[in-house]
Structures are given as C-alpha cells and as structure tokens.
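Participant: No letters, just coordinates:
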C-alpha cells in the first residue's frame, strides 16, 4: 500500500515536528488538535523551523512554502483521519487519553489505514486492543526535536504484522530517519535507559550533590552528551518525565524507576520545563538561567 496522506493527532512539540518532516518529505498532512490556538502555534513553529533551514541554505524559499502548504490544521478528528493512509498519534503520555483517542480513530479512519503511536513508553499492544485492526497498529517513536533527530524506534505489539513494520520502515526512510526495531517492553530501547538516568540526576540535585549547572556540565563533558540531563528533562517536559516514571513503576513493579520527590514537586508547581518557561532553568530571559535547589 502506498502512503500518500498522513494524519498527525496533536500539534504540540512532537506533533508539529512530525507534521513538519512528513510534509517536507512530500506527504499531504492533516494536523489535528483540540483548540485553534494550538494549531496556530504549531504552524508558526513549522514555518520558523523551515526558515532557519532557509537561512542556512539547506532549503529554498519555494520549498518552505511548498512544505507549509502541505500541512492543513483541523479541529475535527473525522476530517483529519477520514482519508488518511497513516495516522500518527502524538497526544500526551496519559494511558486513558491515548485509549480514548484510538477508540475514536478506529471508528473514523479507513480500514486500510496504518495506526501508529508516537508514545515513548506506553504499551502498543494495549492501545492496539481497542481497535479492530491490531495487526496494522505499531509504535513509531520519534525523538525531539523531530526535524533534527535521526532516530525512529519502531515498536511491534503482540499482533503487529510484518507488513505494517515494513511500511513504517519505508515511511521513516523517506523522512530521512534511521530506524531500530524493538519488541514491546516498557520504555522500549531508549527511554528504558534514559528515564532512569535523568531521574538519577534529579535525585543528585535533590540530595545536594551538585548544582544544576555543574551536573549538566559534568555529563556533557564526562559522557559526551550533547546536552545535560537536566536541560534534556526541561526539553522533554517534566510532566512527561513524571508520567513515564510512574508508568514504569506500575509496569515493572520495581522501585528503581521511581520518580524523585523533587520532580513531583516541580510538576505540581507547574514548573514543567521550556514549554512553561521554567523547570530546572528559568527561560524568561535572553538565555536560560539555572535554578538553585
């Protein structure tokens, strides 16, 4: 089956990034969210990111306009998925929300459509179970920022067919991504290692081992990470990190995945990272300033 039309559900930082790369690869994209302000912000982000590429000479002005023109925002789930060959879900990492979304999609999407979740941790098999075509359900986990990061984790659920995996590999290749195939397990390959590592850095801050700035500097220079774990936590979103941590504890039944009390307190305060203007760093000024804990 040739994939021509893609629906992206969610216009947040992952959703708009996925819509961006799909449109730039030549796909017709419908990007759906629940409020127009989210769609407007996403379209603005896509254009700004493309214009950065224009300034660097990586794309032409014509390509910017063509890419933006391939993305259509909509508030209607029915409109988004009714003609889609591939539906990519990028709603928040909340199990009940994802199950509700997939039940609705299953009623409205064409029978031939491949259903893919961008979840970073939640069971593909569980989500597929609420659809009539679990063999066409798969995990397609992008990394943030989507236009820059080259990896897509492809996750097989219990019923995912080889044909579905092949189709997602082909789409990912067209998007310019490298892929790894993972059999379903909480956190898949990357986040199973990454989330406990970030949490351990937060535990260290909580215990007064180092400052935010020095912890990030230590990991960047000592382990050659492109950004420190606390900067990365802010980038991912502390609320997302907490959701994943709690999900891991529930799934693994192992306290080693527990969230630090500091993380939980920051989420309760609304300090969830860059998107909120404050996390382990304050983003209100010209450059991020580390907070003291």
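Facilitator: All right, it came through fine. Note that the structure is predicted; figures quoted are calculated from it, not measured.
Participant: pLDDT weak spots in the stretch 101-250 of the chain?
Facilitator: The model of the stretch 101-250 of the chain has no residue with pLDDT under 70.
Participant: Okay, helices next: where are they in it?
Facilitator: Per DSSP state H, counting those that start in this stretch, the stretch 101-250 of the chain carries helices over the ranges 124-128, 162-174, 190-206, 212-223, 229-236, 238-252.
Participant: Show me what the fifth one is packed against.
Facilitator: If I follow you right, that is helix 229-236. In terms of contacts (3 or more Cβ pairs under 8 Å, 6 or more residues apart in numbering; DSSP states H and E), helix 229-236 is packed against helix 190-206, helix 212-223, strand 281-282. Heads up, the C-betas are built off the backbone N, CA and C, glycines and all.
Participant: now the ones you listed as TSV including distance to residue 251?
Facilitator: Below are the helices and strands packed on helix 229-236 laid out as TSV (distance: least, Cβ to Cβ, whole Å):
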stretch	distance to residue 251
helix 190-206	11
helix 212-223	26
strand 281-282	30
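Participant: can you put those in a markdown table and add mean neighbour count?
Facilitator: Converted to a markdown table, the helices and strands packed on helix 229-236 look like this (neighbours: other Cβ atoms under 10 Å):
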| stretch | mean neighbour count |
| --- | --- |
| helix 190-206 | 19 |
| helix 212-223 | 16 |
| strand 281-282 | 19 |
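Participant: Out of the helices of the stretch 101-250 of the chain, flag the one nearest residue 148.
Facilitator: Proximity to residue 148 (Cβ to Cβ) singles out helix 229-236 among the helices of the stretch 101-250 of the chain, at 11.6 Å.
Participant: now the closest residue to residue 38 other than its chain neighbours: how far from residue 288?
Facilitator: Leaving aside its sequence neighbours, residue 38 sits nearest to residue 11 (Cβ to Cβ, 6 or more residues apart in numbering; 4.7 Å). According to Cβ to Cβ, to the nearest Å, residue 11 stands 24 Å off from residue 288.
Participant: All set now, cheers.
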